[in-house]
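**Q** Turn this into a model:
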Amino acid sequence: MTAQGKTRIDCVLVAGGRFHDIDFARLELLKLLAEDERVRVRVFEDYANLEAIAKADFLVSYTCDVTPSLAQQEALRAFVERGGRWYALHGTNAILRFLADGRVDSPRWAPHFMETLGSMFIAHPPIAPYRVTVADPAHPLVAGVEAFDADDELYLSEVYGAPHVLLETSYGGEAKGFVEDQWPEAKHPVFYLNPRGAGAVLYLTLGHCRGHYDMQPMIDFYPVPEKGSWALPVFYDLLRRGLAWAKEGAPRR
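**A** Here you go, the predicted model:
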């Protein structure tokens, strides 16, 4: 084993939130992280442990409706800008509020956080298969990946800055049930890099999953569990590529 192979790499995994099968996603990500014996992982439900994040070599998040405090947002920005790499998945950029009329709002309450991520979830149309295409086939993170169909939430997001888009999809139409429900035909990022300072955020919008009990208290028993892109080998390929990218900059100390 090389000297590099003997180097410990510290990861913080933030997995928490609502409306998704966080237990399933957490376990799957931990199994992938365990494929590299150098990686040691601390797991949290939110971003409150700033000391652990500051000491980490890289950060991975799978959340929904988990909004950091301003102090936590500033610490996350500092982590990235000093050279940290953050692999953010699916609902990390989502803030959701259910209104009295049944619609879902996406309030813009954490602009600092969303600008670090490079986007903010606003809405999605009803779950149905959609085509994901490769925007930059020469980039190592997607080299050799072919267009595929994802039966997942198609994220209609507000994009900040100029992220480097790697995978994308096209959509125009209605996002039924959301406050911002009308969307003109346009391309939407699915997988992108958002450099900030010496580091970067890698964002993958795919990864919806939901079990029987994840819509409580609104729905006591969700009848049909959803696994979304977790059923696709290409999704696991993208997860492994993203984790390899996140480890490339480690250790930073």
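**Q** ok, residues contacting stretch 74-82?
**A** Stretch 74-82 is contacted from outside by 47, 50, 53-54, 56, 59, 68, 86, 112-113, 116, 196-201, 252, using C-beta atoms under 8 Å, 6 or more residues apart in numbering. Every C-beta, even on glycine, is put in place using the N, C-alpha and C of the backbone.
**Q** Now which of those would you call buried?
**A** With burial judged by 16 or more other C-beta atoms under 10 Å, the buried subset of the contacts of stretch 74-82 is 47, 50, 53, 56, 59, 68, 86, 113, 116, 196, 199-201, 252.
**Q** Take those residues and lay them out in CSV including secondary structure.
**A** Shown next, in CSV, are the buried ones among the contacts of stretch 74-82 (DSSP: H, G, I helix; E, B strand; the rest coil):
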residue, secondary structure
47, coil
50, helix
53, helix
56, coil
59, strand
68, coil
86, strand
113, helix
116, helix
196, strand
199, strand
200, strand
201, strand
252, coil
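**Q** Any chance of TSV for these, columns distance to residue 227 and pLDDT?
**A** Listed next are the buried ones among the contacts of stretch 74-82 as TSV, based on distance: C-beta to C-beta, whole Å; pLDDT from 0 to 100:
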residue	distance to residue 227	pLDDT
47	26	98
50	33	98
53	29	98
56	28	98
59	25	98
68	28	98
86	25	98
113	28	98
116	29	98
196	32	98
199	31	98
200	29	98
201	25	98
252	35	57
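**Q** CA atoms of the biggest helix by length in the chain as PDB?
**A** The helix that spans the most residues within the chain, counting by DSSP state H, is helix 233-248. Below are the C-alpha coordinates for helix 233-248, written out as PDB (Å, rounded to 0.1, in the frame of the first residue of the first chain):
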ATOM      1  CA  PRO A 233     -27.000   1.600 -11.900                       C
ATOM      2  CA  VAL A 234     -26.000   4.900 -13.500                       C
ATOM      3  CA  PHE A 235     -27.100   6.700 -10.400                       C
ATOM      4  CA  TYR A 236     -24.700   4.600  -8.300                       C
ATOM      5  CA  ASP A 237     -22.000   5.300 -10.900                       C
ATOM      6  CA  LEU A 238     -22.600   9.100 -10.400                       C
ATOM      7  CA  LEU A 239     -22.500   8.700  -6.700                       C
ATOM      8  CA  ARG A 240     -19.200   6.900  -6.800                       C
ATOM      9  CA  ARG A 241     -17.700   9.400  -9.200                       C
ATOM     10  CA  GLY A 242     -18.900  12.300  -7.000                       C
ATOM     11  CA  LEU A 243     -17.400  10.700  -3.900                       C
ATOM     12  CA  ALA A 244     -14.100  10.100  -5.700                       C
ATOM     13  CA  TRP A 245     -14.100  13.700  -6.700                       C
ATOM     14  CA  ALA A 246     -14.800  14.800  -3.100                       C
ATOM     15  CA  LYS A 247     -11.800  12.800  -1.900                       C
ATOM     16  CA  GLU A 248      -9.400  14.100  -4.500                       C
END
